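1. Just need the structure, nothing else, for what follows:
(2 chains)
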Number of protein chains: 2
Amino acid sequence: MKLRRSLLGLFALLSICMTAQNTKLPTLEDLIPGGATYRFAENIYNLQFWGDNYVLPGIEEMTIVNPKTGKTLYNVTLDQVNTTLEAADLLPIKHFYSVTFPWSDQPDMLISKPGKYILYNFATNKIDRVIDLHADGMNQDFNNESKHVAFTKKNNLYVDDKRITDNPEGVVSGQSVHRNEFGISKGTFWSPKGDKLAFYHMDESMVSEYPLVDVTARVAEPNNIRYPMAGMTSHKVQVGVYNPATQETIFLNTGDVTDRYFSNVSWSPDGSKIYLIELNRDQNEAKLCRFDATSGQLETVLLEEKHDKYVEPQNPIIFLPWNDKQFIYQSQKDGFNHLYLYDTDGKFIKQLTQGDWLVQEVLGFNAKTKEVIIASTELSPLDRSIYRVNVNTGKRTAIGSSKGVHRAQLSQSGEWVLDNYSTPIDARNIELINTKSNKSTRLLTAANPYAEFDMPTVEMGTIKAADGVTDLYYRLIKPADFDSTKVYPAIVYVYGGPHAQMINNSFNNSARGWDLYMANKGYIMLTVDNRGSSNRGLEFENATFRNLGIEEGKDQVKGVELLQSLPYVDANRIGIHGWSFGGHMTTAQLLRYPELYKVGVAGGPVIDWGYYEVMYGERYMDTPETNPEGYEAGNLNNLAGNLKGRLLMIHDDQDDTCVPQHTLSFMKACVDARTYPDLFIYPGHKHNVMGRDRVHLHEVITRYFEDHL
Amino acid sequence: MKLRRSLLGLFALLSICMTAQNTKLPTLEDLIPGGATYRFAENIYNLQFWGDNYVLPGIEEMTIVNPKTGKTLYNVTLDQVNTTLEAADLLPIKHFYSVTFPWSDQPDMLISKPGKYILYNFATNKIDRVIDLHADGMNQDFNNESKHVAFTKKNNLYVDDKRITDNPEGVVSGQSVHRNEFGISKGTFWSPKGDKLAFYHMDESMVSEYPLVDVTARVAEPNNIRYPMAGMTSHKVQVGVYNPATQETIFLNTGDVTDRYFSNVSWSPDGSKIYLIELNRDQNEAKLCRFDATSGQLETVLLEEKHDKYVEPQNPIIFLPWNDKQFIYQSQKDGFNHLYLYDTDGKFIKQLTQGDWLVQEVLGFNAKTKEVIIASTELSPLDRSIYRVNVNTGKRTAIGSSKGVHRAQLSQSGEWVLDNYSTPIDARNIELINTKSNKSTRLLTAANPYAEFDMPTVEMGTIKAADGVTDLYYRLIKPADFDSTKVYPAIVYVYGGPHAQMINNSFNNSARGWDLYMANKGYIMLTVDNRGSSNRGLEFENATFRNLGIEEGKDQVKGVELLQSLPYVDANRIGIHGWSFGGHMTTAQLLRYPELYKVGVAGGPVIDWGYYEVMYGERYMDTPETNPEGYEAGNLNNLAGNLKGRLLMIHDDQDDTCVPQHTLSFMKACVDARTYPDLFIYPGHKHNVMGRDRVHLHEVITRYFEDHL
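-> So this is what the prediction gives:
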């Protein structure tokens, strides 16, 4: 006995010494994007196709390779390029990481400089063309065919040298509308030949202004944003069509545009028609409409989609490259986002994909084989895999390895794919894949950027949702030196809102740097993708309709019950943290389940859906007039008196997504109710804290849990 | 030994039991104004003179007593008054606590109702007159003689029914100007007979606007205030004179009013002249000027005062009631505020008071005995005592007891005083005193409102300032159950700025409720009135010129050294708290002396004097252009990297005195410097948290010290 105890003591001592010698734990600076020593997984930046050849950019040189032969077609050096640029009195470039290759049929690369586009011929090392841009132009949209450039200055739209709108304050042309919902991310749409420009034209003069305040000015200055809040007067959007040849603009004849959304603008292949998907304000009825691009007249409504909750078209129609009369339309109407083939008379031809999984992206086509190349969750909701789908037969074939999260580019012909992916254990692989033979060439195997550190373990599993039926994925992270005989506090990281998924089969199962950091500090880190999150299909995601935060919260309780069941978790020391929708969830959970959570940190939260904007808010919540009980129940200001645990509210003073009124009204509600949240404000940041200050943010969050959990 | 130990044990046990049984400690609700059970010292509300008789108001009745005979002259009941009011279709009153007695020669009381002044004759129980007011008028100024009423609506000035200004936005008439500095608290000044109205007229259209934001609106709204910051363009003020008989307005002929202050407006007894004290923007030169009230012409500059630091006239001249050609002028020119007699040609007659003490207030005169009645610090800087001073002989005689802090009213003739005072041990006494005989009648002896509680002990003393010479008063508060063998954490409560004194000989030596509360929670509470604070004379107060916060901070270090020297204080657990200037001091001390303070709570602080306003800021700091090194050294944003202790910043989002830019810019400076303050914001409050929420505020402050000290 005595000997054994001594030996045990010796082992313990050795173990401590070894731990002390060998353990190297990453810091926040290592783990948080923006940190001084943040480690990106190695990558080939700006890797892309030029036609069916691929381009390997670099600093000193750039190589263009024929994937069929593996032979280098062009080897362009920085010296060569800069000699040519300087001879033409143009500023040199510093590397090849920002050049692009818009022309598959000519050896030109596009160099973008302040105030200039340069078409550089890498075969001849000559400058083919210089296009002057307005130096202060924004939203530049260059058409490869016609070489016209559309751009905006303040609230007006320009094409080449000509200002084509003359808007008063409150009217904006050529910029994204509807607050980037409905898949909208820009405001200009060139016709295929670049001879006509469709553009958004938004009158928001009737929308109330929210006063953000910039405290970095000598005297603080208002920075007013037009922000239509749920149930209030919204903006009016039209679609204009400008013809550079005639210098004339017409507007699509949509009639009274009040309370209507015009989304997913696309052109017919011949440039004569414009398609768009129109939604009513209630967002439960979508119409695919075709307009004549010259007269602006509505020609036909090709198809309509209705749902008693909501429809949310996010993808423009895409024409088959080999058939100008047929296009692919994406819909969740069978419960999962799938591809449907229609003809231009609106006739349904067939459903191209089907199953209890969803199409995440259409990458393009192989016209020769009549295939459409997609990314989908067919393997599992955690994976994003690349498939080719034969349009005629419906046959699907995996491209490359299916496991993991794949971000792929397709070559001009569709014969080749550049597949940039990660798996739970692979930080990043890049492969060149022949879509037909599925033969692949590994271009990069990135090392684990944290290989030198002792890292936490990441485990995956499923639990039942609060409905007792649905499986929810969870991710559990344990310290590098995890000891199952010890008891640890636990923190839930949550997002929980639609259009997002926190857990997948990317590197470390998508665990964030802060979660890894906290695990190593001795916290068990849990994340559960509750009902309402994405990649699980329509019914899973719209379970939260009209009651955002409530159903999701019940699922999060199931996650806490999992933690409570673990012998190595201290059930009295459970915290929760999230940002934006996750900030709402964090606050809501502390108020609705004060007995479960000791500490929360809520960043940029929605507090009252009445303060959120029209497009996103009303889709999921309807309006305060039509869903008063939902808004009442979801308004966390009404629950402020329930606060028992420690709750840190963090908000950015320039937050134009969740305006500061959310958090400030909650402070007032808590003062009124005599409860005691804490607060931090990040001046000068918008809806999150990015860059160098992101490390500060996570230090603040860490300290709060260290102080109080 | 054994017996003794047992006995000691028994005593200890008994002591614990007795403590447990008898100790009743006041809560924040008991101690903080606004608290549900806050205890005011008993008072006789609205006690006042009617001529030389005094009025005892009540709810059901009001008694008017002749002080000479002690006999009741009138006994007015609520029933009587309300029967009369109702008969005239006027709303009843609920008590006599808001009636006033502007006419010593007629038995009328003034009842103020929304939209109405009622002159009620309490001898006849009839209504003598009803004057209609504009219900939404502000700043009502009623003249007892002429019965004219001046008032403001928005930015315009009205007299009776007539609007006498027609101002565009940014121009304001009839309201206080120069941000209430220079003793200015209102914007209208009736001539003695009420036949002319002098008024301030301010053009602030050139002043930059600060955007406060009201988050209680449906969509947050800007609440812009004109706020001239140090060194920036300031407003322009004129003095107008309106004649109701001619309905004409003239302006005093002051020439170009740019960067000039017009303060301390007063009338000559005959109403033909207007006196005012003009200052240059640098505030180091004051001129007493006389204008003709009819022509507006400047007649003469009676006297000038200069100082290489600053002059700060705070009191209008006061004419002797028995000599229309002589007036009293107050000045600190000999180092203490004293009274000087001048004639209307500007000829100096004599200095009426003199000594190393200062006159705090002129209460009025006894014309018969040729005496002026004052409050002064003659007894000590901690006391405010009432004296009569013979204008002819200079002889001073104390009225009533000198000790303590006396707030007195003088009767019409000056023969009687109503003296409402407290001392460190008397919560409140009210005495009626004959100023000649000094005989007094006690009208009220208020009980200690905390008599039922175990209260801390309050001790007073002096320490040497950082200059090694000057005595500073301090106040030390110890728990009710203080045990000198124990070791306690300590908290400094600080203000430290000019025009204020935290310690005096009022009840509990002016200890605040929160200080008492924290003492009972086991903290030693210290306050030191540093150099720069008031009631100690010019040199003491202006020692901080051009370097606000720095000299004061050195004196506060002396206070910390006192704490460190006390065996029962844990020198490693010293905190500091203050608001406004005290918020500046708190933040500054944590940044300049990080080794001394573990925890600070700074409320509504000045962080950068460049963000403070022109009138107060430039008086003490000059401008950023003329004192760049002072602004640089005093800008706490430059010291943000020094933060080591825990610092909670509290700011009100409607703070129009220290705008939120102070605290928010500090948050940014700390983020930039990677330091970690905490934050709380009170929406809807201005420059402090008053009313019911004041209890919440002090709970927040308490928790912060409990969490971190």
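
2. What ranges does the stretch 101-250 of chain A have for its strands?
-> Assigned by DSSP state E, counting those that start in this stretch, the stretch 101-250 of chain A shows strands spanning A:108-113, A:116-121, A:126-132, A:138-142, A:149-153, A:156-159, A:162-163, A:171-173, A:188-190, A:197-203, A:209-214, A:221-226, A:236-243, A:248-251.

3. so what strands line up beside the longest one?
-> Sheet neighbours of strand A:236-243, with direction, are listed as strand A:197-203 (antiparallel), strand A:248-251 (antiparallel) (DSSP bridges).

4. Quick one: closest of these to A:Val149.
-> Comparing those against A:Val149 with Cβ to Cβ, the closest turns out to be strand A:197-203 (10.1 Å). Just so you know, the C-beta spots here come from the backbone N, C-alpha and C atoms, and that holds for glycine as well.

5. That closest one relative to strand A:138-142, how many degrees between them?
-> 160 degrees (axes from the mean of the first three to the mean of the last three Cα atoms, to 10 degrees).

6. Please work out the average pLDDT along strand A:197-203.
-> Per-residue pLDDT over strand A:197-203 has a mean of 98.

7. how far off strand A:221-226 does it point, in degrees?
-> Calculated by the same axes, to 10 degrees, strand A:197-203 forms an angle of 110 degrees with strand A:221-226.

8. quick revisit: got TSV for the strands of the stretch 101-250 of chain A, with distance to B:Asp419 and mean neighbour count too?
-> Output for the strands of the stretch 101-250 of chain A, formatted as TSV (distance: least, Cβ to Cβ, whole Å; neighbours: other Cβ atoms under 10 Å in any protein chain shown):
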stretch	distance to B:Asp419	mean neighbour count
strand A:108-113	83	20
strand A:116-121	84	19
strand A:126-132	85	14
strand A:138-142	72	16
strand A:149-153	73	21
strand A:156-159	74	22
strand A:162-163	78	12
strand A:171-173	69	23
strand A:188-190	80	23
strand A:197-203	70	23
strand A:209-214	49	21
strand A:221-226	51	16
strand A:236-243	71	20
strand A:248-251	82	15
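
9. Out of the strands paired with strand A:236-243, which gets nearest to A:Arg475?
-> The closest of the strands paired with strand A:236-243 to A:Arg475 is strand A:197-203. By Cβ to Cβ, the value is 39.2 Å.

10. For stretch A:333-350, report the contacting residues that lie outside it.
-> For stretch A:333-350, the external contacting residues (Cβ atoms under 8 Å, 6 or more residues apart in numbering or on different chains) are A:268, A:288, A:290, A:300-303, A:305, A:307, A:317, A:320, A:324-332, A:351-360, A:362, A:372, A:374, A:389, A:391, A:394, A:537-539.

11. in what helix or strand does the nearest residue to A:Pro26 once chain neighbours are set aside lie?
-> Spatial nearest neighbour of A:Pro26, excluding adjacent residues (Cβ to Cβ, 6 or more residues apart in numbering or on different chains): A:Phe453 at 4.7 Å. In this structure, A:Phe453 sits in neither a helix nor a strand according to DSSP states H and E.
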